[in-house]
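Visitor: coords please:
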Amino acid sequence: MTIVQLHDYIGQIVKTIPIVYSYSNQTPYEYWNTQEIKYGSVIFCVKNVRTQNNIAKYECVLYYGDRLNENGSNRDSIQSDAVSVIESITQFLNNSEKVEYVTQPVNCILFEQKFADNLAGAYTNISIDLEANGDCNYNLLDDYYNKREIDYRLDEIAAGDYDLTKYYTKE
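Guide: Predicted coordinates:
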């Protein structure tokens, strides 16, 4: 199963939870800072993927957030719902034949924060292991240098500030 397939699979799970009205794989800062979103929302972010012995190991963060009312009196119920939603998703994943392993028990961290609106909710870091089926020979962009990082390294080399003793010359 690929990242896209995993995201879609979790999206299918989320659709079965009555209090969830939207789902995204963006970061909370990207998704919850727009006016178009529907609350209560679930966000699923993959931080890292590694393959080992034909198992794809996904390190992820699972969020649930909902809008606070004017005086914040619904904070406790939102956070309770958040824990319930996150536990439901991870329990479904854990009972699925498509998943080899999911972090259990789930350790939720409660939050109250201002995005486009004042939100409350919870999030958890989870690990999901799936059979790779030979189609998981990739890494996330976090494993690569961006242009700024490459330019910085090239500037270090040009200035003689970079240790090249462990490298071979072209010869």
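Visitor: ok, now which ones touch residue 62?
Guide: When contacts are counted by Cβ atoms under 8 Å, 6 or more residues apart in numbering, residue 62 touches 42, 43, 44, 86, 89, 90, 123, 124, 126. Yep, even glycine has a C-beta here, placed from its N, CA and C like the rest.
Visitor: Now render these as CSV, adding secondary structure and pLDDT.
Guide: What follows is these, written out as CSV (DSSP: H, G, I helix; E, B strand; the rest coil; pLDDT from 0 to 100):
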residue, secondary structure, pLDDT
42, strand, 96
43, strand, 96
44, strand, 95
86, helix, 95
89, helix, 95
90, helix, 93
123, strand, 96
124, strand, 95
126, strand, 93
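Visitor: In those, find the pair that's most separated.
Guide: Taking Cβ to Cβ, the two most distant members of these are 43 and 90; they sit 14.4 Å apart.
Visitor: Could you export the contacts of residue 62 as a markdown table, including neighbour count and distance to residue 36?
Guide: Below are those laid out as a markdown table (neighbours: other Cβ atoms under 10 Å; distance: Cβ to Cβ, whole Å):
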| residue | neighbour count | distance to residue 36 |
| --- | --- | --- |
| 42 | 25 | 16 |
| 43 | 22 | 14 |
| 44 | 23 | 19 |
| 86 | 22 | 23 |
| 89 | 24 | 23 |
| 90 | 22 | 28 |
| 123 | 19 | 21 |
| 124 | 21 | 26 |
| 126 | 21 | 27 |
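Visitor: Tell me how far the closest residue to residue 121 other than its chain neighbours lies from residue 84.
Guide: Once flanking residues are discounted, residue 121 sits nearest to residue 65: 3.5 Å by Cβ to Cβ, 6 or more residues apart in numbering. From residue 65 over to residue 84 the distance is 14 Å, taken as Cβ to Cβ, to the nearest Å.
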